[in-house]
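Colleague: How does the following fold in three dimensions:
(chains A and B)
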2 protein chains.
Amino acid sequence: MTGPLDGIKIVDLTSMISGPVATMLLADQGAEVIKVEPKNGDIVRHVGFGDKGLTGTFLTVNRGKKSINLDLKSESGKEVLKKIIITADCFIQNFRPGAIERMGFGEEEVRKIKEDIVYVSISGFGEEGPYSKKRVYDPVIQALSGLASIQSDRETGRPRMVRTIVPDKVTALTAAQAITAALLAKERKGIGQHVRLSMLDSMINFLWPEGLVHLTFNREEKFSPDKKLSQDLVYETKDNYITVGAVADSEWEGLCISLDKEEWISDERFDTPTKRVVNAPERFHETQKVLRNKSAEEWLKIFDLHDVPCAPVLERSALLEHEQIIVNEIIEEYNHPTSGIIRQARPAAKFSKTEAKIQSPAPLLGEHKREILLDIGMSEKEISEL
Amino acid sequence: MTGPLDGIKIVDLTSMISGPVATMLLADQGAEVIKVEPKNGDIVRHVGFGDKGLTGTFLTVNRGKKSINLDLKSESGKEVLKKIIITADCFIQNFRPGAIERMGFGEEEVRKIKEDIVYVSISGFGEEGPYSKKRVYDPVIQALSGLASIQSDRETGRPRMVRTIVPDKVTALTAAQAITAALLAKERKGIGQHVRLSMLDSMINFLWPEGLVHLTFNREEKFSPDKKLSQDLVYETKDNYITVGAVADSEWEGLCISLDKEEWISDERFDTPTKRVVNAPERFHETQKVLRNKSAEEWLKIFDLHDVPCAPVLERSALLEHEQIIVNEIIEEYNHPTSGIIRQARPAAKFSKTEAKIQSPAPLLGEHKREILLDIGMSEKEISEL
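Modeller: Here you go, the predicted structure:
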């Protein structure tokens, strides 16, 4: 193992996305993550695109982890989990509130086994309140957090979902940071504590800086931004879609020169940043008219010359060939023992001295059972009896 | 201060969103964050909704920090920054690649002042390559990362932006976690290193688990998911919009019973999870027809009875009154010295022993200048001469 979290051991009872993506990040950074699965495995092994048992999503969100599958209803399964917990720095679960206590691994029980462990609980809505026991899926949190409203159709006002599971993954990032902070507090001050977070709280935090910003001021009760929607900066050219934008005056000047519309620089509809916001629909419409006259590539070259922020709107498969993405070496290929050559995005944050990387492929169900049992001191005889 | 990062000191030269949201999270967790601003302050003080100098966005993303404004082109400004760096554990900047070196505070220079500091650089596209020196805005990264393509209009295929700045804020969360991990490595192993990340890399990572999942398998080159879009789980009722979904068989049964359409349970179009995905448009259409017959409140009660995942689609202002959001106490009100009563979302992750919280309001420009200068050992005389 390498990485800033080298030497940290995590017992991971989470399934689906919010928990596994959090521990994926920690595994990439060198933590030893023991993924404890039910007898038939995490449901993500079986649902979605790719090979059953190792779908594309499972391969991604569980890379670098060790798998052991246990029947936690049996005494022998419980005993094994207890022995693993003794060796761990962190315990993480994302069952519905109340479930982990019924399984016998609530905070109190776990702390009896390992006093200073960092105990982490991820919930959908919080541990109390009318929604706490409800089933949760990503769209439910998009609806409740205001995201579906923010994404409403501009003409009809009909709410719309974002087509990637933002709440699940934002919760994962929030959790990964909080776990790391709790591990740091444990290291510095010997504190072992319970870290709790919900998808709903994580999303409200995520949206607040601008998506929910009007709620900041008490005096703005009457201001309804729900209908006030910004323009999409997506333009058609002669061939492909591009995005181009100008906030600062210097960028606006660059844009006008690029479009051969220098008269717009002093046009009273557009001559300050505020007016450009107020008259955005007109600005957008006029810009669009001009952009239809050349190809995407031609326009992007011209905008680059004048330092105007711009990019092609890439279809997903086009990411593989994009010049900047290639230079970044963000997409890696490696040979998976059973799935063949697969691609993954390497960890985004690069550490100059403790390299974070994809430490190993996602595990087959129970792949590391024997290794894990030996690690916790069980004999070959005990293992074969299990 | 309280929080898991109590005792950590961060010198923060970042502006806009990606850097400030990262250090906001760290400040909430008890780190001392010295926000070093240019003479006229971070541009976010002046752009957007709310009071000039303290917009709603600025109030949010810079809460809990101390502000000092310095002219870093002057020798005296540089000297002050150097003295602050001596006292810090972490230095973070998000200028365009190359700029911080020209300012005299590249890694090498900073390490001469404080050898084991965690040095953090956030960029838009990466530090090398054809895009590295380009200006960046959030929509540019939405376009390049595939997000705008994922959000394409279902009928026309026209790419669409997500109307909250996902790349900026995902980068912030990725950065906050990476910084915390580097601080942990420093604590455990005495390693001071350079952490680098880009918005583009952060977003490709964020989208990979399902949004870019088809790129995982090499053999799927010909599969184009760009046109294959899932349904939006937004339904109209007699009054308001709701979301309701059913993935597992038990949930589907609950949904059918709730809709009084028990015949759908054995309907051969819908009787397995896979068929429900294949026949999603039909399922959606049929469900929508039934849902128009009752109010949102009536339906949500019925679905809850049958344990079917559901929620109202809230307009943003409605968050303040929602029963679960109230129980969570996620939205806090406090009195800001100059802006009056303001609301903020408290930190999502709750720590049982080292409480994370909004430590103090966002600072006025230069508010803590004197305090910071005294802290680094300057005399009243030197301060008044500055």
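Colleague: and residue A:242, backbone torsions?
Modeller: phi -140, psi 170 (degrees, to the nearest 10).
Colleague: ok, now residue A:154?
Modeller: Torsion angles at residue A:154 (phi, psi; degrees, to the nearest 10) stand at phi -70, psi -40.
Colleague: and what of residue A:130?
Modeller: According to degrees, to the nearest 10, residue A:130 has phi -60, psi -20.
Colleague: What segments of chain A are strands?
Modeller: A:9-12, A:32-37, A:50-51, A:54-55, A:66-69, A:90-93, A:118-123, A:194-198, A:235-236, A:241-244, A:310-312, A:331-336, A:340-345, A:350-351 (DSSP state E).
Colleague: Out of those, which is closest to residue B:353?
Modeller: strand A:194-198 (8.0 Å; Cβ to Cβ). No exception for glycine: its C-beta is placed from N, CA and C like everyone else's.
Colleague: Is chain B within reach of that closest one?
Modeller: Yes - contact between strand A:194-198 and chain B, assessed by Cβ under 8 Å from any Cβ of the partner chain, occurs at A:194, A:195, A:196, A:197, A:198.
Colleague: Which two among those residues are spaced furthest apart?
Modeller: Every pair of the residues of strand A:194-198 next to chain B checked by Cβ to Cβ; the farthest is A:194 and A:198, at 13.7 Å.
Colleague: Between the two, tell me which one has more neighbours.
Modeller: Remark: of residue A:194 and residue A:198, residue A:198 carries more neighbours, 31 against 18, as counted by other Cβ atoms under 10 Å in any protein chain shown.
Colleague: which regions of the stretch 1-150 of chain A lie under the pLDDT threshold?
Modeller: For the stretch 1-150 of chain A, applying pLDDT under 70 flags the ranges A:1.
Colleague: And for the stretch 151-300 of chain A?
Modeller: Ranges of the stretch 151-300 of chain A meeting pLDDT under 70: A:218-231.
Colleague: any chance of the strands of chain A in JSON lines, plus distance to residue A:147?
Modeller: As requested, the strands of chain A are exported to JSON lines (distance: least, Cβ to Cβ, whole Å):
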{"stretch": "strand A:9-12", "distance to residue A:147": "27"}
{"stretch": "strand A:32-37", "distance to residue A:147": "29"}
{"stretch": "strand A:50-51", "distance to residue A:147": "27"}
{"stretch": "strand A:54-55", "distance to residue A:147": "25"}
{"stretch": "strand A:66-69", "distance to residue A:147": "33"}
{"stretch": "strand A:90-93", "distance to residue A:147": "25"}
{"stretch": "strand A:118-123", "distance to residue A:147": "18"}
{"stretch": "strand A:194-198", "distance to residue A:147": "15"}
{"stretch": "strand A:235-236", "distance to residue A:147": "25"}
{"stretch": "strand A:241-244", "distance to residue A:147": "21"}
{"stretch": "strand A:310-312", "distance to residue A:147": "24"}
{"stretch": "strand A:331-336", "distance to residue A:147": "28"}
{"stretch": "strand A:340-345", "distance to residue A:147": "23"}
{"stretch": "strand A:350-351", "distance to residue A:147": "30"}
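Colleague: Minimum distance to residue B:3: which of these has it?
Modeller: strand A:194-198 (11.9 Å).
Colleague: for that closest one, packing partners?
Modeller: When contacts are defined as 3 or more Cβ pairs under 8 Å, 6 or more residues apart in numbering or on different chains; DSSP states H and E, strand A:194-198 sits against strand A:118-123, helix A:166-189, strand B:350-351.
Colleague: again, only using 10 Å
Modeller: In terms of contacts (3 or more Cβ pairs under 10 Å, 6 or more residues apart in numbering or on different chains; DSSP states H and E), strand A:194-198 is packed against helix A:18-28, strand A:90-93, helix A:107-113, strand A:118-123, helix A:166-189, strand B:350-351.
Colleague: now check the last one, is it near chain A?
Modeller: Yes - judged by Cβ under 10 Å from any Cβ of the partner chain, strand B:350-351 comes into contact with chain A through B:350, B:351.
Colleague: got a list of contacts for that strand?
Modeller: A:118, A:121, A:126-127, A:178, A:181-182, A:185, A:191, A:193-198, A:201, B:2-4, B:29-30, B:328, B:356-357 (Cβ atoms under 10 Å, 6 or more residues apart in numbering or on different chains).
Colleague: ok, 7 Å please
Modeller: Strand B:350-351 is contacted by residues A:182, A:193, A:195, A:196, A:197, B:3, B:4 when judged by Cβ atoms under 7 Å, 6 or more residues apart in numbering or on different chains.
Colleague: residues in contact with the first one?
Modeller: For residue A:182, the set of contacting residues under the criterion of Cβ under 7 Å, 6+ apart consists of A:118, A:193, A:195, B:4, B:351.
Colleague: and what of the third one?
Modeller: Residue A:195 makes contact with A:118, A:120, A:178, A:179, A:182, B:349, B:351, according to Cβ under 7 Å, 6+ apart.
Colleague: As TSV, these with distance to residue A:38 would be great.
Modeller: TSV is the format used below for the contacts of residue A:195 (distance: Cβ to Cβ, whole Å):
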residue	distance to residue A:38
A:118	23
A:120	19
A:178	26
A:179	23
A:182	26
B:349	27
B:351	29
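Colleague: which one of the residues you listed is nearest residue A:378?
Modeller: residue A:118 (24.9 Å).
Colleague: That closest one and residue A:194 touch, don't they?
Modeller: No - counting by Cβ atoms under 7 Å, residue A:118 sits too far from residue A:194 to count as a contact (8.2 Å).
Colleague: Could you name every residue contacting both of the two?
Modeller: By Cβ under 7 Å, 6+ apart, no residue touches both residue A:118 and residue A:194.
Colleague: Can you report how many residues lie near residue A:177?
Modeller: Applying other Cβ under 10 Å, we find 28 residues neighbouring residue A:177.
Colleague: Contact residues of the stretch 251-386 of chain A facing chain B?
Modeller: A:251, A:304, A:307, A:309-317, A:319-320, A:322-324, A:327-328, A:330, A:340-345, A:347-354 (Cβ under 7 Å from any Cβ of the partner chain).
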